[in-house]
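Asks: Take this sequence and fold it.
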Amino acid sequence: MRQGQKSRKVPIRGGVFSKLLIFLITVIAFVALGWMIFLPTILTSELRKRSGFDASVERLAVNPVSGTIELRGLVLANPPTFPEHDFVELREFRANAEVTSLFSDRLIFDRVVINVAKRNAGQTRRRYDECGGVGKQSHEL
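Replies: Numbering: from 1, shown residues only. Predicted structure coming up:
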């Protein structure tokens with residue numbers, strides 16, 4: 001380079017496209033991470049709201065691309081006044097669903113595997129008011 005000339009920068013080709021691609025991959029990664037972290041919480045709160053039982057989940061994996069659902073360690077707890085703590089405990093729930101049904105009100109399964117570890121339906125059939133609870137709602141399996 002001579003002393004009087006300015007250096008000319010050569011533009012990098014694909015700079016905008018590569019930055020957009022990196023941004024999209026990062027957004028997708030954060031959405032997937034949020035899906036994995038918050039899905040068990042959403043499931044337990046929805047179960048609690050619909051059934052009235054406290055719920056906990058050890059592991060939940062839902063793949064919306066393949067339609068597979070895997071649930072491990074689901075425990076529905078009885079109210080505190082009941083002699084047994086757990087109402088039902090599922091070791092494992094696996095299912096293959098039609099992909100389009102995952103986002104609808106009605107799930108359609110091709111194959112389902114349910115492994116129940118414990119079921120306590122005898123005491124739970126009694127009404128809450130007989131066991132010192134506040135509601136008159138009874139839950140049966």
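Asks: Can you report how many residues neighbour Glu89?
Replies: By other Cβ atoms under 10 Å, the residues close to Glu89 number 18. No exception for glycine: its C-beta is placed from N, CA and C like everyone else's.
Asks: cool, and Val112?
Replies: Val112 has 12 nearby residues by other Cβ under 10 Å.
Asks: Check the secondary structure at the most centrally placed residue in the chain for me.
Replies: By Cα atoms, centre = their mean, the chain has its centre lying nearest to Leu39, at 2.9 Å. Assigned state for Leu39: helix (three-state reduction, DSSP: H, G, I helix; E, B strand; the rest coil).
Asks: Skipping adjacent residues, who's closest to it in space?
Replies: Leu60 (5.5 Å; Cβ to Cβ, 6 or more residues apart in numbering).
Asks: now Trp35
Replies: Val62 (7.9 Å).
Asks: got it, and Asp54?
Replies: Nearest non-adjacent residue to Asp54 (Cβ to Cβ, 6+ apart): Ala77, at 4.3 Å.
Asks: Who does that neighbour form a beta bridge with?
Replies: Note on Ala77: beta-bridge partners Asp54, Asp86, judged by DSSP bridges.
Asks: Test my guess that it contacts Val88.
Replies: No. Look at Ala77 against Val88 with Cβ atoms under 8 Å: they stay out of range, at 9.2 Å.
Asks: low-scoring pLDDT stretches of the protein, where are they?
Replies: Where the chain drops to pLDDT under 70, the residues are 1-14, 121-141.
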